[in-house]
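Participant: Attaching a predicted model along with its sequence, questions to come.
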Amino acid sequence: MARFLIILVLATIVVGLLWPYLSKLGLGRLPGDVVVERKDRTYYFPIATCVVLSLVLSALLWFFGR
């Protein structure tokens, strides 16, 4: 379990560092991503981006797990 958590944290850090480059590819601006802008705050819910990334990662894990 500890190994899984370490890998999860490292993957989160890598994605966080690469996010500016990934957003240039169109990730984060897909139809289905919700942006709520208020007077002084912006809330961002990347629903479609999460679904796409989940499908891609699931396909990769399935492919390499065989």
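Facilitator: All right, it came through fine.

Participant: any chance you could map the helices in this structure?
Facilitator: Per DSSP state H, the chain carries helices over the ranges 2-24, 47-65.

Participant: can you tell which of those helices is closest to residue 34?
Facilitator: helix 47-65 (6.2 Å; C-beta to C-beta). To be clear about C-beta, it is placed using only N, CA and C from the backbone, and glycine gets the same treatment.

Participant: For residue 31, find the nearest of the helices of the chain.
Facilitator: helix 47-65 (6.3 Å).

Participant: any idea of the mean pLDDT for the closest one?
Facilitator: Helix 47-65 comes out with an average pLDDT of 89.

Participant: who's in contact with stretch 19-34?
Facilitator: Applying C-beta atoms under 8 Å, 6 or more residues apart in numbering, the contact partners of stretch 19-34 are 15, 44-49, 51-53.

Participant: Could you check how far the spatially most central residue of the chain is from residue 15?
Facilitator: Centroid check for the chain by C-alpha atoms, centre = their mean gives residue 50 as the closest residue, at 5.1 Å. For residue 50, the distance to residue 15 (C-beta to C-beta, to the nearest Å) stands at 11 Å.

Participant: same question, residue 60
Facilitator: Taking C-beta to C-beta, one finds residue 60 at 14 Å from residue 15.
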